[in-house]
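A.B. asks: Any chance you can model this:
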Amino acid sequence: MARMNIGLCIALVGSAWLAACATASRDTAFRAEEVELFHARQEAGIVCTTAPACDEAWARTRTFIAAHSATRIVQADDAVIQTAFPHAFGYVYLAASKDVDGKGGTAIRLKAMCRGMYDSDGDAGLLYATCAKSVISVEEGFRAWLEKRSE
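C.D. replies: Have a look, this model is predicted:
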């Protein structure tokens, strides 16, 4: 009986240790992905200095959003382009804004979001890893899309 209790204790301590390691590993991955998301978000924008260049970039932004969002555009004017909130979890939806940057130019910024990425308390949601990869991919491709010239 004593041997069984010792074995049970060792198994419980081992399980707790593995759970702690797994939690620490998830937390480390979460922090690393949050940093990568921050950098992608910082790069998901441009500043244009002339009205024709901004008009062209804004039109290309709308095309990009239509091509990369899981949902349709529900608002599009001179300041905001926004897609609908998806019904299902794990799908990317997008918004863009255009405003004066304070230095004489106009800033166009894209924000990719994914339903199910975060819990209601702001912690990583069930689909965090999948969503983070999708959001990073979309945001990293935005600047190249805008800079690409049609031939």
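
A.B. asks: show me where pLDDT drops low in this structure?
C.D. replies: 1-24, 26, 149-151 (pLDDT under 70).

A.B. asks: Report the central residue of it.
C.D. replies: Val135 (3.3 Å; CA atoms, centre = their mean).

A.B. asks: Checking that residue next. Helix, strand or coil?
C.D. replies: helix (DSSP: H, G, I helix; E, B strand; the rest coil).

A.B. asks: Please list all residues in contact with it.
C.D. replies: Listed by CB atoms under 8 Å, 6 or more residues apart in numbering, the contact set of Val135 reads Leu37, Ala40, Val92, Ala112, Met113, Cys114, Met117. In this view, the C-beta of every residue, glycine as well, is placed from N, C-alpha and C.

A.B. asks: Return the entry from the residues you listed with the maximum number of neighbours.
C.D. replies: Tallying neighbours with other CB atoms under 10 Å puts Ala112 at the head of the contacts of Val135, with 27 neighbours.

A.B. asks: Output the contacting helices and strands for the helix or strand containing it.
C.D. replies: Using DSSP states H and E, Ala112 sits within strand 106-114. Judged by 3 or more CB pairs under 8 Å, 6 or more residues apart in numbering; DSSP states H and E, the packing partners of strand 106-114 are strand 45-48, helix 51-68, strand 92-100, helix 128-147.

A.B. asks: The last one vs strand 92-100, what angle?
C.D. replies: Comparing the axes of helix 128-147 and strand 92-100 via axes from the mean of the first three to the mean of the last three CA atoms, to 10 degrees yields an angle of 40 degrees.

A.B. asks: Report the backbone C-alpha coordinates of helix 128-147 in CSV.
C.D. replies: What follows is helix 128-147, C-alpha atoms only, in CSV (Å, rounded to 0.1, in the frame of the first residue of the first chain):
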residue,chain,number,x,y,z
TYR,A,128,-4.9,32.1,-30.8
ALA,A,129,-2.0,30.4,-32.6
THR,A,130,-4.0,29.9,-35.9
CYS,A,131,-5.4,33.4,-35.8
ALA,A,132,-2.0,35.0,-35.0
LYS,A,133,-0.4,33.4,-38.0
SER,A,134,-3.2,34.5,-40.3
VAL,A,135,-3.2,38.1,-38.9
ILE,A,136,0.6,38.4,-39.3
SER,A,137,0.5,37.0,-42.8
VAL,A,138,-2.2,39.5,-43.9
GLU,A,139,-0.6,42.5,-42.2
GLU,A,140,2.9,41.7,-43.5
GLY,A,141,1.6,41.5,-47.1
PHE,A,142,-0.3,44.8,-47.0
ARG,A,143,2.6,47.2,-47.6
ALA,A,144,4.0,45.1,-50.5
TRP,A,145,0.5,45.1,-52.0
LEU,A,146,0.3,48.9,-51.8
GLU,A,147,3.8,49.4,-53.2
